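> give the three-dimensional model of this entry:
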Amino acid sequence: MAYYAQLVNDTVTEVIEVNDDITNGAQFAHDLLGGEWVQTYMDNPNKTYAGIGYTYIPSTQDFIAPPPEPEQE
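Next up is the predicted model:
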């Protein structure tokens, strides 16, 4: 399986799984659901797997996690 993250202003809003039989998963996701999609990798130690709220960095084609929310007292 391959994984794709939907981006809105470089922020991940959804992550989906696409069958490996699909040649261009990002285009498939765009055609099916609309929006901008980029691949994210669950099993690549050099890349961060995307989650909702993560930020996509186009220059590195990687994601960074959002900062942790402050603890409530």
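> got the contact list for the closest residue to Ala65 other than its chain neighbours?
If the residues on either side of it in the chain are set aside, Ala65 comes closest to Tyr54, at 5.7 Å by C-beta to C-beta, 6 or more residues apart in numbering. Where C-beta positions appear, they are placed from N, C-alpha and C, glycine not excepted. Residues near Tyr54 by C-beta atoms under 8 Å, 6 or more residues apart in numbering: Ala5, Thr11, Val12, Thr48, Phe63, Ile64, Ala65, Pro66.
> which among those end up buried?
Neighbour counting with 16 or more other C-beta atoms under 10 Å marks Ala5, Val12, Thr48, Phe63 as buried within the contacts of Tyr54.
> which ones among those residues map onto strands?
Judged by DSSP state E, the subset of the buried ones among the contacts of Tyr54 located in strands is Ala5, Val12, Phe63.
> hmm, who's touching the lowest-mean-pLDDT helix or strand in the chain?
Counting by mean pLDDT, DSSP states H and E, the chain has its least confident helix or strand at helix 25-33, which shows a mean of 92. For helix 25-33, contacts defined as C-beta under 8 Å, 6+ apart pick out Ala2, Tyr4, Gln6, Ile16, Val18, Ile22, Gly35, Glu36, Trp37, Val38, Gln39.
> can you do 6 Å?
Ala2, Tyr4, Val18, Ile22, Trp37 (C-beta atoms under 6 Å, 6 or more residues apart in numbering).
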